[in-house]
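K.L.:
could you look at this predicted model? Sequence included:
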Amino acid sequence: MAELTDLSYIKSLLSSHGFTFSKALGQNFLINPAVCPKMAELSGLHPDAGALEIGPGIGVLTKELAKRSKHTVAIELDKRLLPVLDETLKDFSNISIINDDVLKADLQRIIENEFYSRGINEIYVCANLPYYITSPVIMRLLESELPFKALTFMVQKEAADRLCAAVGSRDSGAVTVAVAVRAKAEKLFSVKAGSFFPAPKVDSAVIKLTPYETPPLAVESMKFFTSFVRAAFEQRRKTLSNSVSSALGFDKSDIIEILKSCGISEAVRAEALSLEDLARISNALYKLKIKE
Ligand code: SAM
């Protein structure tokens, strides 16, 4: 079978299936032959592990994951790609394709049925993400508390910068904090727009998130922390006390009291705070909330 990065092969394969690209589904397929082997190699996968992919497209990364794993599961939303994947992956017996939306799929059940039932307990996520749902997918996987060893993602360059930014730096945002409290985030390598077909307007980068086995700091309620951070960063120009009081229904004076007790100015904006400060404020607000 021809290489899945060979553009003339891709075009004839897709036209034989009557497939046309959907921009809305973020369909930009990798055609740079160096990228998928590198992603799979750096993902941490090993022959006893399972790989979970989101959006296999025509299977170019799926193949590299299958070569390095005991079993690979790929969740693809677009039904039209199923017969294509049947053709391109027919030589592999260790791949399951699941036709579902990654944001709605029952991930716990998929992991039990596809991995645990095969005696696979170490699962690595690796995907060239559909960019329109980058943050929701990452947050769904991290919040699921499923035991992923590492998550390696191709994302838009700006998203990579935000996800891997230091908390409190100019590039950081709610998603930076929500990730930083759960995983170590690192940028692995950059990928030019011309590595994809059709080429997107923006460059990309591959990042790796390695969930912490023990959290880096004590957060009383991760669920509350997530909504606190979302509220704190929602209106970046507002002070933290204004955004959090209006979004979460606390008295502004209570928030100012907590900031004072932490030695933080009442005019502070969320983006200026460290992870430790955000956790302290969130913990104090959470205590107040459960007392009510
Ligand atoms: N992995 C392939 C590659 O690297 O060439 C394709 C990557 S392409 C950027 C994103 C893929 O995600 C497409 O195949 C698209 O159909 C699929 N997709 C889009 N939205 C999805 C969703 N909500 N759930 C699962 N797959 C989705």
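P.N.:
Ah, there it is.
K.L.:
apart from its neighbours in sequence, what residue is nearest T88?
P.N.:
G59 (4.4 Å; C-beta to C-beta, 6 or more residues apart in numbering). (Glycine included, C-beta is placed from N, CA and C.)
K.L.:
check contacts around the closest residue in space to A232 that isn't next to it in sequence.
P.N.:
Nearest residue to A232, sequence neighbours excluded (C-beta to C-beta, 6+ apart): A270, at 3.8 Å. By C-beta atoms under 8 Å, 6 or more residues apart in numbering, the residues touching A270 are V229, A232, F233, R236, L240, S243, L278.
K.L.:
which among those residues end up buried?
P.N.:
The neighbour count (16 or more other C-beta atoms under 10 Å) marks V229, A232, F233, L240, S243, L278 as buried among the contacts of A270.
K.L.:
any idea how far stretch 285-292 is from the chain center?
P.N.:
31 Å (C-alpha atoms, centre = their mean, to the nearest Å).
K.L.:
what does it rub up against?
P.N.:
With C-beta under 8 Å, 6+ apart as the test, stretch 285-292 has contacts from E220, S221, F224, F225, F228, V244, L248, F250, D254, I255, I258.
K.L.:
next: stretch 144-152.
P.N.:
Contacting residues not belonging to stretch 144-152 are listed as 39, 42-44, 49, 52, 107-108, 111, 121-127, 138, 141-142, 183, 188, 206-211 [C-beta under 8 Å, 6+ apart].
K.L.:
please narrow those to those residing in helices.
P.N.:
Counting by DSSP state H, the part of those found in helices is M39, L42, L107, Q108, I111, I138, L141, L142.
K.L.:
and the furthest pair within these?
P.N.:
Pairwise distances across the ones in helices among the contacts of stretch 144-152 peak at 26.7 Å for L42 and Q108 (criterion: C-beta to C-beta).
K.L.:
who has more neighbours, these two?
P.N.:
The residue with more neighbours, out of L42 and Q108, is L42; 15 against 11, by other C-beta atoms under 10 Å.
K.L.:
for that one, give me its contacts.
P.N.:
So L42 contacts T152, L188, V206, K208 (C-beta under 8 Å, 6+ apart).
K.L.:
what bridges to the first one?
P.N.:
Beta-bridge partners of T152, counted by DSSP bridges, are C126, K208.
K.L.:
how many residues are close by it?
P.N.:
25.
K.L.:
can you check the pLDDT for it?
P.N.:
As predicted, T152 sits at a pLDDT of 98.
K.L.:
same question, the last one
P.N.:
Listed pLDDT for K208 reads 98.
K.L.:
which non-adjacent residue is nearest S172?
P.N.:
Using C-beta to C-beta, 6+ apart, the nearest residue to S172 is A165, at 4.3 Å.
K.L.:
rewinding a little: lowest-confidence entry in the contacts of A270?
P.N.:
R236 (79).
K.L.:
and it, what does it touch?
P.N.:
Going by C-beta under 8 Å, 6+ apart, the list of residues near R236 reads G173, R269, A270, E271.
K.L.:
most neighbours out of these, which is it?
P.N.:
Most surrounded of the contacts of R236: other C-beta under 10 Å gives A270, at 27 neighbours.
K.L.:
quick one, phi psi at that residue?
P.N.:
Dihedral pair for A270: phi -50, psi -40, per degrees, to the nearest 10.
K.L.:
got the contact list for L52?
P.N.:
With C-beta under 8 Å, 6+ apart, L52 has these contacts: T72, V73, A74, I75, I110, I111, I123, Y124, V125, C126, A127, F148.
K.L.:
let me know the closest of the residues you listed to H17.
P.N.:
Looking across these and measuring by C-beta to C-beta, the closest to H17 is A74, at 17.2 Å.
K.L.:
which strands and helices sit next to the host helix or strand of that closest one?
P.N.:
A74 is part of strand 71-76, with elements assigned from DSSP states H and E. Judged by 3 or more C-beta pairs under 8 Å, 6 or more residues apart in numbering; DSSP states H and E, the packing partners of strand 71-76 are strand 50-54, helix 60-68, helix 82-88, strand 95-99, helix 107-114.
K.L.:
stretch 251-268: which residues count as buried?
P.N.:
Of the residues in stretch 251-268, those buried (16+ other C-beta under 10 Å) are I255, I256, I258, L259, I264, V268.
K.L.:
L61 contacts K38, doesn't it?
P.N.:
No - L61 lies out of contact with K38 (C-beta atoms under 8 Å); the separation is 10.5 Å.
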